[in-house]
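Engineer: Got a predicted model here, sequence first, then my questions.
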Amino acid sequence: MKHIRSYLTFSGNCREAMNFYRDCLGGELDLQTIGDSPLAAKMPESMQQWILHATLTNGSTVLMGTDMVPEEGRIRGNAVSMMLDCSSEEEVRRAFRRLSAGGGHVLHPLEMTFWGALFGDLKDKYGNTWLLHFDQNA
């Protein structure tokens with residue numbers, strides 16, 4: 001297995017969310033709208049600016065998203081979290097601060113763990129759960 005990548009589903013605010021994540025985490029953001037895809041003729045005018053596929057890439061970190069909600073609707077659960085393994089204490093603190101801003105909710109603040117890592121988790125303003133980790137022993 002080469003990679004496991006996270007793919008988030010939104011309901012019309014994928015562009016806003018992915019721009020927020022780019023501002024928090026850095027990287028290059030590529031967005032493809034429904035209107036710029038072969039699906040355009042099959043979709044209502046109200047969905048033409050929705051995001052068919054978004055990719056945020058920062059080094060080997062890739063986060064993807066879409067506004068294409070399944071027929072049963074978007075169901076928010078607690079089964080999926082985004083694990084962000086940071087390369088420095090400064091990086092984990094900065095990402096934690098940025099991701100929890102603007103209506104996010106800190107579930108567990110950053111703290112030293114028994115396994116020697118700085119770790120905390122939060123739910124961002126879009127309802128997605130993030131686990132942030134920096135292993136000082138690595």
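Structural biologist: Received, thanks. Residues are numbered from 1 along each chain as shown.

Engineer: Number of residues surrounding Gly120?
Structural biologist: Neighbour count of Gly120, defined by other CB atoms under 10 Å: 20. Every C-beta, even on glycine, is put in place using the N, C-alpha and C of the backbone.

Engineer: what's the model's confidence in the helix or strand where it lies, averaged?
Structural biologist: In this assignment (DSSP states H and E), Gly120 forms part of strand 117-123. In this model, strand 117-123 has a mean pLDDT of 94.

Engineer: Can you check the pLDDT for the residue of the chain positioned farthest from its centre?
Structural biologist: Outermost residue of the chain with respect to the C-alpha centroid, by CA atoms, centre = their mean, is Ala41; its distance is 29.1 Å. On pLDDT, Ala41 comes in at 91.

Engineer: quick one: low-confidence ranges for this protein?
Structural biologist: The chain contains residues with pLDDT under 70 at 1-2, 70-79.

Engineer: what about the strands in this protein?
Structural biologist: Ranges of strands in the chain, per DSSP state E, are 6-9, 28-33, 51-58, 61-66, 81-85, 105-112, 117-123, 129-135.

Engineer: And the shortest one, how far out from the chain middle?
Structural biologist: Meaning strand 6-9. How far strand 6-9 lies from its chain's middle: 7 Å, per CA atoms, centre = their mean, to the nearest Å.

Engineer: by contact count, what packs against that strand?
Structural biologist: In this structure, strand 6-9 packs against strand 61-66, with contacts taken as 3 or more CB pairs under 8 Å, 6 or more residues apart in numbering; DSSP states H and E.

Engineer: buried set for the strand it packs on?
Structural biologist: Leu63, Met64, Gly65, Thr66 (16 or more other CB atoms under 10 Å).

Engineer: got these as TSV, with distance to Leu52 columns?
Structural biologist: TSV is the format used below for the buried residues of strand 61-66 (distance: CB to CB, whole Å):
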residue	distance to Leu52
Leu63	16
Met64	11
Gly65	10
Thr66	6
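
Engineer: And the furthest pair within these?
Structural biologist: Across these, the longest distance by CB to CB is 11.7 Å; it joins Leu63 and Thr66.

Engineer: Sweet, I'm off.
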